[in-house]
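Participant: Quick one: sequence and predicted model below, then my questions.
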Amino acid sequence: QVQLVESGGGLVQAGDSLRLSCAASGRAFSSYAMAWFRQAPGKEREFVAGISGSGVLKRTVDSVKGRFTIARDNTKNTVYLQMNSLKPEDTAVYYCAAADSLVRLQKGQADYRGQGTQVTVSS
């Protein structure tokens, strides 16, 4: 069993930066691929960025490429999402998720999900 707790969300202005963190409890954190999803009001949940267990493979959705970076620290059981140049359309609840493969996460399949953290970007 893995529990995921997100933090770092908030209200910022367009152009600002935020760093989200997701702390995982449980064993074998490095064996899980991790990802960030987001869901805006009235929209479906979407994959934002994912990272393999080793941290070597990374995937990012086109709409955030060059602005968002995913990273993980397996010594701290934590995955991060650095978000720069934020835009109002980035406003959403951001969720952390874990699965046994990055491919499954890209398909929207997760074994574990966190409760989410709200990110609001004002124009």
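Facilitator: Sure thing, it's come through. Residues are numbered from 1 along each chain as shown.

Participant: now the most centrally placed residue in the chain, what's its secondary structure?
Facilitator: Centroid-nearest residue in the chain, with Cα atoms, centre = their mean: Trp36, separated by 2.2 Å. Here Trp36 is recorded as strand under DSSP: H, G, I helix; E, B strand; the rest coil.

Participant: Spit out the contact partners of Asp16.
Facilitator: Leu86, Val121 (Cβ atoms under 8 Å, 6 or more residues apart in numbering). Glycine gets a C-beta too; all of them are placed from N, C-alpha and C.

Participant: And Ser21, how far from Met34?
Facilitator: Noted for Ser21: a distance of 12 Å to Met34, by Cβ to Cβ, to the nearest Å.

Participant: Next: Ala98.
Facilitator: Ala98 sits at a distance of 5 Å from Met34 (criterion: Cβ to Cβ).
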